[in-house]
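*Asks:* fold the stuff below for me.
(2 chains)
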Amino acid sequence: MDLDPVLLARLQFAFTITFHIIFPSFTIGLSAYIATLGVMWLRSGEERYEKLMRFWTKIFAVSFAMGVVSGLVLSYQFGTNWSRFSLAVGNVIGPAIGYEVLTAFFLEATFLGVLLFGWGRVPHWLSVLAAAVIAFGTAMSAFWILSANSWMHTPAGYEMRDGIAYPIDWLAIIFNPSFPYRLAHMVTAAYLTTAFVVLAVGARYLLAQRHEQHGRTMVAMAVGMIAVLAPLQLFIGDQHGLNTLKHQPVKIAAMEGHWDGKVPGDFELFAWPDEKTETNRFAISIPRGSSLILTHDPNGLFPGLKDFPAKDRPPVVPVFFAFRIMVGIGFLMIGVGWVGVWLFWRGRLFSARWYLWPASQAWWIGFTAVICGWIVTETGRQPWIATGILRTADAISPVSASSVAVTLVLFVLVYGIVFAMGIYYINRLIAKGPQGSLVEAPQGPSLGSPLLSASDAAREATAS
Amino acid sequence: MEWYLPVIWAALIGTAVALYVVLDGFDLGVGILFPFAKEDHERDQIVASIAPFWDGNETWLILGGGGLWVAFPRAYAVIMPAFYLPMIVMLLALVFRGVAFEFRTVANTSKKYWNAAFAGGSIVAALAQGLILGGLVQGVKVENGAFAGGAFDFATPFAALCALGVTAGYALLGATWLVMKTEGAVANRARAHAKPLLGVVLVFMGIVSLWTPLSIPRIAERWFSTPNIFFLWPVPVMTALVAYLAWRWLEAGRDIPPFLAAIALFMLGYLGLAISVFPYLVPPSLTVWQTAAAPASQVFMLIGTVGLLPIILGYIVFVYWLFRGKVREGEGYH
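*Replies:* The predicted structure follows:
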């Protein structure tokens, strides 16, 4: 059997990194949410914030563990699977990884111990501070890893000698052209992803008439967050796209399914890009839509795929479709946020089953959008691993294809078990609901909490 | 600058790996001894003794790997593919073991599987780390600065010996940790395990200390040529002394000193290997200077490390202080 080592290495890395990104997408936002709940608890003294904080902390612990161990794998896979890449660019992006460990990983790992196991042992303010430190750590982690990743897309501040990149200007390396956009886009995506999970859990409780007070708090906070961040994300994404047009025009051409750069681009609502005939089949399009978005002029021109030699083009189909799914989910999110705000204003948010039921099922849409976004940007960078510096095909390790194949199977097996069980356990924690304490034994399903002044509280929650 | 920067970095990464070996060593060791626990509440007590620390401990492994990439990319680009299979197996074992920590606290009927995953993951990770260590000390085939060997080059009798030695060493660290951090049946059993483990570890250290100079002339010369031998003789003597003290302290029923002695024993063994191998990072061909990153990269990272490492060590000490004292029978943090 003839195995293609490049394809196998790519499959393996795509699998492990896709698996990994699920967890940071959730824990970046969730740690900030937990810290927010903690601050609201300290300020108001209200028990529901404490219970919610401890409830989400348990879920955070399970997710974070999966994120940590799958991230550990990645830090070694750069070397095991992509040794020529690590050699060619190690001087330049290695330090970003180093700084990530020093400014983020140790903070997160150490203070997670304080948050999880310090309850009852340390003062409340220290638990809340630990949550805030973890949130800061996750954001720092995003900062450094996205800086390194962005450099692979838009390298800057370096010079090449004998096929190896040497640093010239560290600020230019860290703040390379696509980094600010990618950072804003990803962190916002993480917060939106978390908001949809929180919304789904809150909606689930309201529909089941359990933990209703907590459910209201969660739904109101999540809807407020989504209503603000989802439209903001559309704007950030648009800016990111314009930045990509400037620095990686071929990626934009693939995203838009735009073949001929001599004519204005239509926005394809649906099509099947055919790389053989270099056309789109079955296209349903808005004429000149892409030109309007990208150049702010219906007659504006931007490069098409045919302007680049075939060997320098990314695979069009995955980039094209992943982009459509991501954008579609983005618009759906705006709708969910705004409809939610309207319902809240009408006083029906916590009782509108037609809204709450789909919301309770939609926990996964943020994750899907994040994964599709990464497929767009990473597949869109192909055939390069670091744009203009090193091709992916030239970056692999001198390791036999069968070694990579065997370990790929192991990864799929191990991650499959871990992921399935992780989801199962998180779902069970959610089914159990907010309990009195992290230390207490599990109790039977609790009845709905007393009504209290829930709508006032929820309004306060959205305002914060 | 060109000369001493790589040496500073070799010392820093050596320190990170040493801290990893000691810190994750004891919690891996606790996992290796986990199958000996008889009751579920004992298992909870054992896990509680390491739960606040394990995540931070494992971070040193990321720093070791990441640091190697930052400071010595040419070594990283050789070592990782050379030990491809044990490296990936180690990572997968750590995945299983890491999630087992969290999963076993939320699982009911499936708890026994996660107990097994915790123990199995710990054992496999320790064995894999020993294989990598042994394979590295024996040497890696390098041509034109890239790994040029086969997928199973690491699988030698010496590497197998190191795998067992490292596993026994971690178990010793774990046993003395439990002596220090727990009480009741768990602590008593750990004390009973620690003594034979100490003997086994000394046997392995002895075999490695004879095998390496006998099979590799470079190492024999390092230790036994004059004037080196005048400076290096205290290493084996100190090792013997520490081993004797560890035994005495275990016999005397002391709680904390045996753990400190086990750490000292590990550090002496580690120092011995470092003396044997330096200045090679990838024996027998690539030195720390040949594999170093661009000086600009090493300096940029050094600034951050010098500034941040004391802060990191500070809050790590704080957490160990916060969770000081023994975990009593039937006590779990969760």
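*Asks:* lowest-scoring secondary structure element of chain B by mean pLDDT?
*Replies:* When the helices and strands of chain B are scored by mean pLDDT, DSSP states H and E, helix B:228-232 comes last with a mean of 83.
*Asks:* how about that one: buried residues?
*Replies:* B:Leu232 (16 or more other CB atoms under 10 Å in any protein chain shown). Where you see a C-beta, it was placed from the backbone N, CA and C, and this is true even at glycine.
*Asks:* helices or strands next to that helix in the packing?
*Replies:* Counting contacts by 3 or more CB pairs under 8 Å, 6 or more residues apart in numbering or on different chains; DSSP states H and E, helix B:228-232 packs against helix B:217-224.
*Asks:* what average pLDDT does the helix it packs on get?
*Replies:* In this model, helix B:217-224 has a mean pLDDT of 85.
*Asks:* tell me the predicted confidence for the closest residue to chain B within the stretch 201-350 of chain A.
*Replies:* For the stretch 201-350 of chain A, the residue closest to chain B is A:Val201, as judged by CB to the nearest CB, at 16.0 Å. pLDDT recorded at A:Val201 is 93.
*Asks:* ditto for the one 10 residues further on
*Replies:* A:His211 is assigned 88 on the pLDDT scale.
*Asks:* how about the residues of the stretch 201-350 of chain A by chain B?
*Replies:* By the rule CB under 8 Å from any CB of the partner chain, no part of the stretch 201-350 of chain A lies against chain B.
*Asks:* sketch out the low-pLDDT regions of the stretch 201-350 of chain A for me.
*Replies:* Under the criterion of pLDDT under 70, none of the stretch 201-350 of chain A is flagged as low confidence.
*Asks:* can you give me the strands for it?
*Replies:* For the stretch 201-350 of chain A, strands defined by DSSP state E, counting those that start in this stretch occupy the ranges A:267-274, A:279-286.
*Asks:* deepest-packed of these, please.
*Replies:* Highest mean neighbour count among the strands of the stretch 201-350 of chain A (mean count of other CB atoms under 10 Å in any protein chain shown): strand A:267-274, with a mean of 17.
*Asks:* what residues does that strand touch?
*Replies:* A:254, A:256-257, A:279-286, A:288-290, A:292-293, A:316-317, A:320, A:324 (CB atoms under 8 Å, 6 or more residues apart in numbering or on different chains).
*Asks:* quick one: end-to-end distance for stretch B:219-235.
*Replies:* Terminal residues of stretch B:219-235 are spaced 15 Å apart (CA to CA, to the nearest Å).
*Asks:* for it, buried residues please.
*Replies:* Buried residues in stretch B:219-235, counting neighbours by 16+ other CB under 10 Å, are found at B:Ile219, B:Arg222, B:Trp223, B:Leu232.
*Asks:* tell me how far the closest residue to A:Ser285 other than its chain neighbours lies from B:Ala11.
*Replies:* Spatial nearest neighbour of A:Ser285, chain neighbours left out: A:Asp266 (3.9 Å); criterion: CB to CB, 6 or more residues apart in numbering or on different chains. According to CB to CB, to the nearest Å, A:Asp266 stands 61 Å off from B:Ala11.
*Asks:* more crowded one of the two?
*Replies:* A:Asp266 (21 against 13; other CB atoms under 10 Å in any protein chain shown).
*Asks:* can you report phi and psi for the more buried one?
*Replies:* With angles defined as degrees, to the nearest 10, A:Asp266 sits at phi -80, psi 150.
*Asks:* list the contacts of it.
*Replies:* Contacts for A:Asp266 (CB under 8 Å, 6+ apart) come out as A:Ala283, A:Ser285, A:Ile286, A:Pro287, A:Arg288, A:Gly289, A:Ser290.
*Asks:* now do the second one against A:Val263, distance only.
*Replies:* Distance, A:Ser285 to A:Val263, using CB to CB: 12 Å.
*Asks:* still on that earlier bit, can you lay out the buried residues of stretch B:219-235 as JSON lines showing distance to B:Val47?
*Replies:* Shown next, in JSON lines, are these (distance: CB to CB, whole Å):
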{"residue": "B:Ile219", "distance to B:Val47": "40"}
{"residue": "B:Arg222", "distance to B:Val47": "42"}
{"residue": "B:Trp223", "distance to B:Val47": "42"}
{"residue": "B:Leu232", "distance to B:Val47": "41"}
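*Asks:* show me which pair in those is furthest apart.
*Replies:* Farthest apart among the buried residues of stretch B:219-235 by CB to CB are B:Ile219 and B:Leu232. That separation is 11.5 Å.
*Asks:* for the chain, what's the longest helix?
*Replies:* Here I'm looking at chain A. If you go by DSSP state H, chain A has its longest helix at helix A:5-44.
*Asks:* you looked at the wrong chain, it should be chain B
*Replies:* helix B:185-215.
*Asks:* give the buried residues for that helix.
*Replies:* B:186-187, B:189-191, B:193-195, B:197-198, B:200-202, B:204-205, B:208-209, B:211-213.
*Asks:* cool, and stretch B:273-286?
*Replies:* Taking 16+ other CB under 10 Å as the criterion, stretch B:273-286 shows B:Leu273, B:Ser276, B:Val277, B:Phe278, B:Tyr280, B:Leu281, B:Val282, B:Pro283, B:Ser285, B:Leu286 as buried.
*Asks:* quick check: the two most widely separated of those residues?
*Replies:* So, the buried residues of stretch B:273-286 by CB to CB: farthest apart are B:Leu273 and B:Ser285, at 17.8 Å.
*Asks:* how close does A:Leu199 sit to B:Trp177?
*Replies:* Counting by CB to CB, the gap from A:Leu199 to B:Trp177 is 43 Å.
*Asks:* chain neighbours aside, what residue packs nearest to the residue of the stretch 201-350 of chain A closest to chain B?
*Replies:* Closest residue in space to A:Val201, ignoring its immediate chain neighbours: A:Ile430 at 5.5 Å, by CB to CB, 6+ apart.
*Asks:* check which helices and strands the helix or strand harbouring the one you found sits against.
*Replies:* A:Ile430 is part of helix A:401-432, with elements assigned from DSSP states H and E. Here helix A:401-432 touches helix A:5-44, helix A:47-81, helix B:84-106, going by 3+ CB pairs under 8 Å, 6+ apart.
*Asks:* so how far is the last one off the chain centroid?
*Replies:* Centroid separation between helix B:84-106 and its chain, computed with CA atoms, centre = their mean, to the nearest Å, is 16 Å.
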